[in-house]
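Novice: Need the 3D shape of this:
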Amino acid sequence: MNNMKYFSNFIGKTIDIDPNTDQRGIASEIEKISSNYLIENFNAISASSVRSIEDVKINNIHIDIKAQDINRRFSMPNLISIDRLRRNKGKLISKEMIIRYVFFKYSKTENIIKITDVNEFNIQEIQWESLQISNLGLGQLQIKYAKKDIILNPDNLIEDWFDNLHDEAEQFFSKQIIKFKNLQREWREYGYDR
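Specialist: Residues are numbered from 1 along each chain as shown. Okay, the predicted model is just below:
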């Protein structure tokens, strides 16, 4: 399994930005700089479309870059659709595809952002205590609360991780069924104003 740390030299790096740049703009700038770094130094290939799992790819390693402002109170970054994971299970188990996340933590002052930390890990290293499935699309895997340290275990096997994903998805869908049955009942009982 590829556990190479591509970005350890980014800690402490500063980037000049327009002082009016919002969080998404900063994330885009970090993604652009880090993607270009991988392209120039590791022969990475840019994502083929905006719907790609990765921002860049190195051989079979699909790298998704995330940015997190350490001064924001709330952060629950989306990772990937659980349906997309289900459809790629065979490739992930056979290691034809590896999904790797790179989390850049940064602080912002006026027109400078400073990278304060970088965490790099493969999807199956994330312990389920740090994950949840949210009600977006067919279910979105996300970090529960990124202000806390993400609990990792580099020894996790992808097969075991998928067993846990299956159990978590079953629980998620069961809760969704109950929620939507209750909403349906409310619509039937109370109607709506025309």
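
Novice: List the buried residues in stretch 6-21.
Specialist: 6-7, 10, 13, 15, 17 (16 or more other Cβ atoms under 10 Å). No exception for glycine: its C-beta is placed from N, CA and C like everyone else's.

Novice: Provide the contact partners of that stretch at residue level.
Specialist: 25-26, 29-30, 33-34, 37-38, 42, 63, 102, 104, 108, 110-118, 120 (Cβ atoms under 8 Å, 6 or more residues apart in numbering).

Novice: quick one on the thing from earlier: dump the buried residues of stretch 6-21 to JSON lines, plus distance to Pro154.
Specialist: Putting those into JSON lines (distance: Cβ to Cβ, whole Å) gives the following:
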{"residue": "Tyr6", "distance to Pro154": "16"}
{"residue": "Phe7", "distance to Pro154": "17"}
{"residue": "Phe10", "distance to Pro154": "20"}
{"residue": "Lys13", "distance to Pro154": "25"}
{"residue": "Ile15", "distance to Pro154": "29"}
{"residue": "Ile17", "distance to Pro154": "33"}
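
Novice: among these, which are in helices?
Specialist: Applying DSSP state H to those, no entry is found in helices.

Novice: Which one of those is nearest to Asp160?
Specialist: Checking those against Asp160 with Cβ to Cβ, the nearest one is Tyr6 at 25.8 Å.

Novice: Do you know the pLDDT at that closest one?
Specialist: Here the pLDDT value assigned to Tyr6 is 91.

Novice: Got phi/psi on it?
Specialist: Here is the backbone geometry of Tyr6 (degrees, to the nearest 10): phi -80, psi -30.

Novice: Okay, it and Asp55: tell me how far apart.
Specialist: 12 Å (Cβ to Cβ, to the nearest Å).

Novice: about what we covered before: drop anything exposed from the contacts of stretch 6-21.
Specialist: Buried among the contacts of stretch 6-21 by 16+ other Cβ under 10 Å: 26, 29-30, 34, 37-38, 63, 102, 104, 108, 113, 115, 118, 120.

Novice: Which one of the residues you listed is nearest to Arg84?
Specialist: Distances from Arg84 to the buried ones among the contacts of stretch 6-21, taken as Cβ to Cβ, are shortest for Ile63 (15.8 Å).

Novice: can you confirm that closest one is in a helix?
Specialist: No. Ile63 is assigned strand when assessed by DSSP: H, G, I helix; E, B strand; the rest coil, not a helix.
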